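Colleague: need a 3D model of the sequence below.
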Amino acid sequence: MSELIDIAPCMDWLNGLEPDMLVKVLTCLDNPKDLVQVSTVSHTWHHIVVENGPCKKLCLRMFPQLSRVAHVVELHDSDAKECVDVGSSNSKEWDTLEREHRVYSFLAHACTSFPVSDCISGAISASSTDNLPEESINNTLYPSRRVGRRASYWSSKGQKNPAVPEMLTYKLKSDLIIITEINIHPFQGKYITYFQRGAPIYSAAGVRFHMGHAKFPIDVESDPMKESCHDDKFEWTYTSQVFPMAQEDCLQTFKLPEPVLCIGGILQIELVGRVQRQEMDDLFYICVSHVEVKGKSLGPAFRVETNVPSGLFVLKRQTKFNQPSSPENKFNANSTGDLERHVREMRPIVLHGNVVDFEEYYEWDDADYETDEEFVV
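Modeller: Take a look at the predicted model:
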């Protein structure tokens, strides 16, 4: 038994496994910090992790929308210049794998550690508005029921057909956001200045959510009427099921079955079916007081380039930005930490008996590793 105890620590158990089994073992690790730790055990382990890309596979399992990413880029310095690979084709290929490992490991960790906040940046457009600017979609950005002595809400135009839908389109705080839920508060008629008998609630029958990106650059501030952006200006990469909406005067939560990665930073709320007829003109309306989008903004540390000829995306990590782009960061203690601090909160990595700061890992080269034979597991 003592001989086994003396010999076992000198053996690397990976050498006894087939390559397919090694990949299966890595696939079982669903925590990015564990994958990073594995990659720092020895040169062999690092090579296996980088070559098989478990961090990328983990991100794809969490968010299938990333399957449309063509390649990843790291941007450095204040000019956000792209890092260019130099050298032989083999070294370029390895540099690409190393870069993917770095970017996807940071992305996986950011997806689990960045704080949840309200993610709406501004209103883009409504499919129709009854009275502008008094009933503009801009009113849905604020939770208050009143602005001064006037009720604050958006109202559609009236329709004889209750099946006619309405669309509210919003710009999110960054072009890479994990969305978990959308909250909508239907408007009740008792809050307007003129009397509506029965205090009717102008909710929709249901709601569906579309997420994606604009086909062309959109200036949110350039359209004060908020009615010029049509559906053909956007490409949707995710469409939800239809959620039933209650005809109630309250903030209603529509939680997505799974968190969704919105690539492109555009959210469209499709209000399906009208349930309330206005007495004075006998037409159906939909009115909304307030909209909230809850999720994790991954910008400006991460962003995407969406308008590429192939229809795929380029995932970009900007190393000069290390914190979520959220105004709440100034006031919310849970939001003040930057990405590097989040990473440092990971368990210390032990390499050759020494505790190594996580950031150093991203600057290691082959000279920093001891031989596998000298390493003691």
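Colleague: and the residue nearest to residue 134 when sequence neighbours are not counted, how far from residue 173?
Modeller: In this structure, residue 134 finds its nearest non-sequential neighbour in residue 150, 7.0 Å apart by C-beta to C-beta, 6 or more residues apart in numbering. For every residue, glycine as well, the C-beta is placed using N, CA and C. Between residue 150 and residue 173 the computed distance is 28 Å (C-beta to C-beta, to the nearest Å).
Colleague: where along the stretch 51-200 of the chain do the helices fall?
Modeller: 54-62, 89-113 (DSSP state H, counting those that start in this stretch).
Colleague: of the ones you listed, which is nearest residue 72?
Modeller: Evaluated with C-beta to C-beta, the helices of the stretch 51-200 of the chain place helix 89-113 nearest to residue 72, the distance being 4.4 Å.
Colleague: how about the closest one: buried residues?
Modeller: 94, 97-111, 113 (16 or more other C-beta atoms under 10 Å).
Colleague: comparing residue 150 and residue 173, which residue is more hemmed in?
Modeller: Between residue 150 and residue 173, residue 173 has the larger neighbour count (other C-beta atoms under 10 Å), namely 22 against 12.
Colleague: for the stretch 1-150 of the chain, give me the ranges with low pLDDT.
Modeller: Along the stretch 1-150 of the chain, the parts satisfying pLDDT under 70 run over 1-19, 22-23, 77-90.
Colleague: which parts of it are strands?
Modeller: 69-76, 81-82, 117-118, 120-126, 146-147, 150-151 (DSSP state E, counting those that start in this stretch).
Colleague: name the nearest residue to residue 57, sequence neighbours excluded.
Modeller: Counting by C-beta to C-beta, 6+ apart, the residue nearest residue 57 is residue 27, at 6.8 Å.
Colleague: which parts of the stretch 251-377 of the chain are helices?
Modeller: Using DSSP H, counting those that start in this stretch, helices in the stretch 251-377 of the chain cover 339-344, 358-361.
Colleague: any idea what residue 290 is bridged to?
Modeller: Counting by DSSP bridges, residue 290 forms beta bridges with residue 185.
Colleague: that one: neighbour count?
Modeller: Using other C-beta under 10 Å: residue 290 sits among 20 other residues.
Colleague: now swap in residue 217 and tell me
Modeller: Neighbourhood size, residue 217 [other C-beta under 10 Å]: 6.
Colleague: helix, strand, or coil at it?
Modeller: Secondary structure, DSSP: H, G, I helix; E, B strand; the rest coil: residue 217 is coil.
Colleague: phi, psi of it?
Modeller: Phi and psi for residue 217, reported as degrees, to the nearest 10, are phi -60, psi 140.
Colleague: quick one: it and residue 171, what's the gap?
Modeller: Relative to residue 171, and taking C-beta to C-beta, residue 217 is found at 11 Å.
Colleague: so residue 250 sits right up against residue 183, yeah?
Modeller: No. With contacts counted by C-beta atoms under 8 Å, residue 250 stays clear of residue 183, the gap being 9.9 Å.
Colleague: those two - which one has more neighbours?
Modeller: Taking other C-beta under 10 Å, residue 250 and residue 183 do not tie; residue 183 has more neighbours (17 against 12).
Colleague: about what we covered before: got the helices of the stretch 51-200 of the chain as CSV, with distance to residue 124 columns?
Modeller: Formatted as CSV, the helices of the stretch 51-200 of the chain follow (distance: least, C-beta to C-beta, whole Å):
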stretch, distance to residue 124
helix 54-62, 28
helix 89-113, 26
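Colleague: closest one to residue 310 among the ones you listed?
Modeller: That would be, of the helices of the stretch 51-200 of the chain and by C-beta to C-beta, helix 89-113, which comes in at 17.2 Å.
Colleague: same for the closest one, what does it pack against?
Modeller: Judged by 3 or more C-beta pairs under 8 Å, 6 or more residues apart in numbering; DSSP states H and E, helix 89-113 is in contact with helix 32-39, helix 43-52, helix 54-62, strand 69-76, strand 313-318, helix 339-344.
Colleague: now the angle from it to helix 32-39?
Modeller: Angle of helix 89-113 versus helix 32-39, following axes from the mean of the first three to the mean of the last three C-alpha atoms, to 10 degrees, is 150 degrees.
Colleague: how much space between the closest residue to residue 94 other than its chain neighbours and residue 58?
Modeller: Spatial nearest neighbour of residue 94, excluding adjacent residues (C-beta to C-beta, 6+ apart): residue 50 at 7.8 Å. Noted for residue 50: a distance of 14 Å to residue 58, by C-beta to C-beta.
Colleague: and these two? Which one has more around it.
Modeller: Ranked by neighbour count (other C-beta under 10 Å), residue 50 and residue 58 place residue 58 first, with 23 against 18.
Colleague: any idea how far residue 264 is from the closest residue to that one other than its chain neighbours?
Modeller: Leaving aside its chain neighbours, residue 58 sits nearest to residue 108 (5.3 Å; criterion: C-beta to C-beta, 6+ apart). Residue 108 is 20 Å from residue 264, where distance means C-beta to C-beta.
Colleague: one step back: does the residue nearest to residue 58 touch residue 61 like I think?
Modeller: No. Applying C-beta under 8 Å as the test, residue 108 and residue 61 come out as separate, 9.9 Å apart.
Colleague: who's residue 276 bridged to?
Modeller: Assigned bridge partners for residue 276, using DSSP bridges, are residue 285.
Colleague: ok, residue 154 - contacts?
Modeller: 126, 129, 135, 136, 137, 139, 140, 168, 187, 287, 288 (C-beta atoms under 8 Å, 6 or more residues apart in numbering).
Colleague: can you pull out the strands in the stretch 251-377 of the chain?
Modeller: Under DSSP E, counting those that start in this stretch, the stretch 251-377 of the chain gives strands at 252-263, 266-274, 276-278, 283-285, 287-297, 302-305, 313-318, 349-351, 354-356.
Colleague: out of those, nearest to residue 46?
Modeller: Comparing the strands of the stretch 251-377 of the chain under C-beta to C-beta, the one sitting nearest is strand 349-351, at 9.8 Å.
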